[in-house]
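[1] just a sequence and a predicted model for now, questions to come.
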Amino acid sequence: MKILNYLSYKKIILLSLFFHILIPFFSKGFHHPDEFYYGINYSFLKLGLFDAYEPSWEYVYKIRPWLLPTLFSGLISFFKVFTLDTFTLITLLRVTSSLFGFLAHFFFYQTVQKKFNLSENALKVFCFFNFLMWPILYMNARTSSENWSTSFLLFGMCLFFSKKTWKLILAGLFFGIAYSLRFQIGLIAFCLGVNYLAFKKFQILDFIKLSFGILLGIGLGILSDYWGYGDWTFTLYNYFEQNILLGKMSNFGVSPWWYYFKKIVLNLSPFIGIPILISLVTRIREHKSDAIAWSVIIFVLFHSALGHKEFRFIYSALPLALIPFSIWMAKLKKTIWLNLAVVANLVVIVPFNLKAAYTPYKFYEALWNKKEVSKLYVYPSSSGGHANFELGLLLRKDLEIINYKKGENIDPVSYIFTTKYDQLQSIKGAELGHCELIYSTYPEWVFDFNYFNWLKRSNIWALSRCVK
């Protein structure tokens, strides 16, 4: 505990709040394209702010729940009153997501403090990782269903342990909303409820109250689907039919059953991942009816049984897994492992979180702000193909995009878009005139350190101004 002794509970919480405000302004873009194509695109489309939207197959087959775009539509409608551009609106969505996540973790921490009877050392460990674990800081800044559903799950957990009727109904409502945002989250809520009922921590009436709240949350999801798609549909069945029965999920890649166990160790660092796995097994051996540990284990095993796997799919279990993790860490006689876990987490907070989550997003933003660019020529690759701008929402309506072919006549003053270093070098020929780099996703000084020609293997989105 030597390192954590230098951090009071108040300092940890305030530092977390500082990062939750700061990170959304730096962690631009998305962790996965779904974050953009789904929640953001759908909401802008519904509000009439995205005319050029081309429906994805998920939209056509109605497998995406509309509750998240509905929430975003409300937020955007409020922010739009201040006449803000698209990038500012999306930034405010990230800030809102981050602060909502912070509140969820704050109240979850208070619940753990009151309900779980942790030792002082275990509570300190939980406080640090609950508020300052780098993937939590990173994911809270995401406008994704994984983030928002996890936040609602944690709010539900804060009320789940109460016997009061209104709290159980509200807990169920939050669980239902979490499910409606991301269907898989329902498994955690289901495991918690069944565990409490099976081990008689709940009475039948308590379970009914919780279930009533869950049905209310599911009802909100169904209403939002109707609002979004324009007719009554059952998105859970649509999702099951397309991804499971028809196997479309597997088209995105299949991983072995042990994928998540490997990723838990490698992505979180061995100093954190290994103790999480050990602590879950230890907790079940010592407390066979532990609802938290069982919910996490079943959730991970369920996803391990599916062919297509991504680490973000099990993110929602991470805050819950920190409870047995903290208990196990606090019991270690030597603090070296805990100190290594703390250091391993601290050293990556800044480099992982204070950079763009999707680097090309910065190019879109720069292009948006360069109003003088009304026509953009896309330079061909060595094979003759042209890069596509997939984030159509981030392109100005007055911008004309032309696929340039070598030898064609272009304007005397033209703006050229390239995605590779060798393209950037080749446009300096006499064909396009004198070309000046005006924006690049890599700092220009990096080009002076192209040892072993490593830049040739890099994707560098660049905008050049060429004058004949």
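    Everything's here; your move.
[2] how about the strands in this protein?
    375-378, 400-403, 413-420, 434-440, 459-467 (DSSP state E).
[3] gap between the third one and the chain center?
    Here strand 413-420 shows a centroid-to-chain-centroid distance of 31 Å under the convention Cα atoms, centre = their mean, to the nearest Å.
[4] now do it: which elements does it pack against?
    Judged by 3 or more Cβ pairs under 8 Å, 6 or more residues apart in numbering; DSSP states H and E, strand 413-420 is in contact with strand 375-378, strand 459-467. Heads up, the C-betas are built off the backbone N, CA and C, glycines and all.
[5] outside of the last one, which residues touch it?
    Contacts of strand 459-467 with the rest of the structure, by Cβ atoms under 8 Å, 6 or more residues apart in numbering, involve 359-360, 362-363, 366-367, 370, 373, 376, 410, 412-421, 424, 427, 432-442.
[6] who's in contact with residue 423?
    Counting by Cβ under 8 Å, 6+ apart, residue 423 touches 379, 381.
[7] tell me where the stretch 251-400 of the chain has helices.
    If DSSP state H, counting those that start in this stretch is used as the criterion, the helices of the stretch 251-400 of the chain fall at 259-267, 270-286, 291-305, 318-331, 336-353, 360-369.
[8] just the CA coordinates of the third one, formatted as PDB?
    Only the C-alpha atoms of helix 291-305 are listed here, as PDB (Å, rounded to 0.1, in the frame of the first residue of the first chain):
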ATOM      1  CA  ALA A 291     -23.500 -12.700  -6.600                       C
ATOM      2  CA  ILE A 292     -20.900 -10.300  -8.000                       C
ATOM      3  CA  ALA A 293     -18.300 -12.900  -8.800                       C
ATOM      4  CA  TRP A 294     -20.800 -15.300 -10.300                       C
ATOM      5  CA  SER A 295     -22.300 -12.600 -12.500                       C
ATOM      6  CA  VAL A 296     -18.800 -11.600 -13.800                       C
ATOM      7  CA  ILE A 297     -17.800 -15.200 -14.500                       C
ATOM      8  CA  ILE A 298     -21.000 -16.200 -16.200                       C
ATOM      9  CA  PHE A 299     -20.900 -13.000 -18.300                       C
ATOM     10  CA  VAL A 300     -17.300 -13.700 -19.500                       C
ATOM     11  CA  LEU A 301     -18.000 -17.400 -20.100                       C
ATOM     12  CA  PHE A 302     -21.100 -16.500 -22.200                       C
ATOM     13  CA  HIS A 303     -19.100 -14.200 -24.400                       C
ATOM     14  CA  SER A 304     -16.300 -16.800 -24.600                       C
ATOM     15  CA  ALA A 305     -18.800 -19.300 -26.100                       C
END
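[9] buried ones only from the contacts of strand 459-467, please, as a PyMOL command.
    Selecting the buried subset of the contacts of strand 459-467 in PyMOL, with 16 or more other Cβ atoms under 10 Å as the burial test, is done by:
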select buried, resi 360+362+363+366+367+370+373+376+410+414+415+416+417+418+419+420+421+424+427+432+433+435+437+439+440+441+442
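[10] just to revisit the earlier point, which of the helices of the stretch 251-400 of the chain has the highest mean neighbour count?
    Neighbour counts (mean count of other Cβ atoms under 10 Å) averaged over each of those peak at helix 318-331, with a mean of 23.
[11] tell me the pLDDT of the closest residue to residue 20 other than its chain neighbours.
    Once flanking residues are discounted, residue 20 sits nearest to residue 102: 4.2 Å by Cβ to Cβ, 6 or more residues apart in numbering. Listed pLDDT for residue 102 reads 98.
[12] next: residue 424.
    We have a pLDDT of 86 for residue 424.
[13] how close does it get to residue 117?
    As judged by Cβ to Cβ, to the nearest Å, residue 424 and residue 117 stand 61 Å apart.
[14] and for residue 59?
    Residue 59 is 48 Å from residue 117, by Cβ to Cβ.
[15] which of these two has more neighbours?
    A count of neighbours by other Cβ atoms under 10 Å puts residue 59 above the other of residue 59 and residue 117, at 18 against 9.
[16] tell me how far that one lies from residue 95.
    27 Å.
[17] TSV for the strands of the chain, including mean pLDDT and distance to residue 246?
    What follows is the strands of the chain, written out as TSV (pLDDT from 0 to 100; distance: least, Cβ to Cβ, whole Å):
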stretch	mean pLDDT	distance to residue 246
strand 375-378	94	35
strand 400-403	93	35
strand 413-420	93	34
strand 434-440	92	43
strand 459-467	93	33
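[18] nearest to residue 265, out of the ones you listed?
    In terms of Cβ to Cβ, the element of the strands of the chain nearest to residue 265 is strand 459-467, at 28.7 Å.
[19] if you count neighbours, what's buried in that closest one?
    Judged by neighbour count (16+ other Cβ under 10 Å), strand 459-467 contains these buried residues: 460-466.
[20] what is the nearest of these to residue 76?
    The closest of these to residue 76 turns out to be residue 461 (Cβ to Cβ; 26.5 Å).
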